[in-house]
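A.B. asks: Pasting the sequence and the predicted model now:
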Amino acid sequence: MSTLYLHIGTPKTGTTAMQDFFELNVDELRSYGISYPLMEQRTVGDNRNGHFLSTRDYDPELDKRNWGIVESELKKYDKVLLSDEAIYRTGGYIEDFWKMLKKRAARTGSTLKAILYVRRQDDFFWSYYIQSIRQRQRILRLRESVLQDWTYLPYWNYYQYVKLIESVIGKENMIVRVYEKQQWKSENGSVVDDILEVMGIGPEQYKNLKFQSRESNPGLGDLSVAAKRYFNLVFFEKRTTLKYRKLGRLLNSADKKLAEKGMIKKRTGMTSDLREKILKKYKCSNEKLAQEYFGRKDLFFDKTIEKGDTEDVFSRAELECVYNMWVSEAENFPEYGFSSQQMRKLCDEALKIYDRGDNYRFSRIKHFIRYLQRVRRLRNEQNCHADILSRFWQCE
């Protein structure tokens, strides 16, 4: 009997590194009886091969075509692996989503298993905040983002989430792993080594596998995060879209050079009181999950509450150093479509926002309206997903 493994995240638990590895070793993994089919996706790379199941980006024709490939692979290989972290925040918390997948897997006589990595919630929020500043146009400070935008969501109550999936596919088919190096199955390894162990491939079997030396989804230093937030505000106040909002390779290159010059200081970016507030909110959930799946009281071994600062500790001179580095790097990345002179102008505007104390009243009002709209949309999201799931069933 074949097994369909669905890796659903959570986000910010090394998912990009895993997906890049699987894409790099598609042929090699087949020799181990594992298929990681690369399939067409609408808005993401093919290596996120489970994204077509995400109800937020659902396309009936794409679903039918890709699921046909999955069924074909299940007939040829013992294990088929699909991976996409977007599922965790879309259909993954809806019971009918898992019933549908279980029914589809059963059509080929296959068993459905779910793989879920969980990360300490305060670390997740900080990591996700960095990404939202770096890749999007987020303008809120960290405390505002966490308290107003994320913690009310049900996704980070891991126990409740796991129990929902377990109620459909059974506890024996629910694989929960903790995103902490000291808890990974492969000693001194990476999260890629850990998921390979889950899939039945130990270090002694790595002979034909290829590993990447670069980091798949690097973050930014705290100083660069603060600089990028002010940079985002320039476009928010202009009421225009930052078409090159990611600036990914440019920011990473500049950050690396700043670190080499000793200009990036070790600051956590999240105050200890905010970390404690987040962990207190999820303490009960984490303890229940630890007891049921690991037979212990504590889910996370690392109990460190790092003492951090808000971005207010950064001086104008520090921000200027970051912006000067961005200006010097602009010419090295022509794909973003602007010159060093244009970058200088944008950075100067960001410094003006810093100088006036971040008092962007009209933007705050506009953002608050957007926030209320988003809350309403998310509260109705489950009903929207239910409508899409009804279309899932029609494809049966």
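C.D. replies: Perfect, thanks for sending it. For clarity, every value in this text was computed on a predicted model and none was experimentally measured.

A.B. asks: Run through this structure and note the low-pLDDT ranges.
C.D. replies: Low-confidence segments of the chain (pLDDT under 70): 55-57, 136-137, 144, 147-153, 187-188, 214-218, 237-246, 264-268, 309-312, 358-396.

A.B. asks: need the longest helix for it.
C.D. replies: Assignment by DSSP state H gives helix 272-294 as the longest helix of the chain.

A.B. asks: Let's see that one as CSV, backbone CA atoms only.
C.D. replies: The C-alpha coordinates for helix 272-294 follow below in CSV (Å, rounded to 0.1, in the frame of the first residue of the first chain):
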residue,chain,number,x,y,z
SER,A,272,11.1,40.1,26.5
ASP,A,273,7.7,41.2,27.8
LEU,A,274,6.1,40.7,24.3
ARG,A,275,7.7,37.3,24.0
GLU,A,276,6.4,36.3,27.5
LYS,A,277,2.9,37.6,26.6
ILE,A,278,2.8,35.5,23.4
LEU,A,279,4.1,32.3,25.1
LYS,A,280,1.6,32.7,27.9
LYS,A,281,-1.2,32.8,25.4
TYR,A,282,-0.2,29.4,24.0
LYS,A,283,1.2,27.7,27.1
CYS,A,284,-1.7,25.4,27.6
SER,A,285,-1.9,24.4,24.0
ASN,A,286,1.8,23.6,23.8
GLU,A,287,1.7,21.5,27.0
LYS,A,288,-1.2,19.4,25.8
LEU,A,289,0.6,18.7,22.4
ALA,A,290,3.8,17.8,24.2
GLN,A,291,2.0,15.4,26.5
GLU,A,292,0.0,13.6,23.8
TYR,A,293,2.7,13.4,21.1
PHE,A,294,6.0,13.4,23.0
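
A.B. asks: contacting residues around that helix?
C.D. replies: 118, 120-122, 125, 142-143, 146, 151, 156-160, 162, 174, 176, 178, 296-300, 305-308 (C-beta atoms under 8 Å, 6 or more residues apart in numbering). All C-beta atoms are positioned from the backbone trio N, CA, C, and that covers glycine.

A.B. asks: Looking at those residues, which are in helices?
C.D. replies: Among the contacts of helix 272-294, the residues falling in helices (DSSP H) are Gln121, Asp122, Phe125, Leu142, Arg143, Tyr158, Tyr159, Gln160, Val162.

A.B. asks: got a list of contacts for stretch 332-349?
C.D. replies: Outside of stretch 332-349, the residues within contact range by C-beta under 8 Å, 6+ apart are 231, 234, 243-244, 247, 249-250, 253, 323, 326-328, 330-331.

A.B. asks: Contact partners for Met251?
C.D. replies: Rather than Met, residue 251 is Leu. Arg134, Leu220, Ser224, Lys228, Trp326.

A.B. asks: Surely the first one is in contact with Ala227?
C.D. replies: No: applying C-beta atoms under 8 Å as the test, Arg134 and Ala227 come out as separate, 10.8 Å apart.

A.B. asks: higher neighbour count, those two?
C.D. replies: Ala227 (31 against 24; other C-beta atoms under 10 Å).

A.B. asks: same for the helix or strand harbouring the more buried one, what does it pack against?
C.D. replies: Ala227 is part of helix 222-238 when elements are defined by DSSP states H and E. Contacts defined by 3 or more C-beta pairs under 8 Å, 6 or more residues apart in numbering; DSSP states H and E place helix 222-238 against helix 121-135, helix 248-260, helix 316-330, helix 340-355, helix 361-379.
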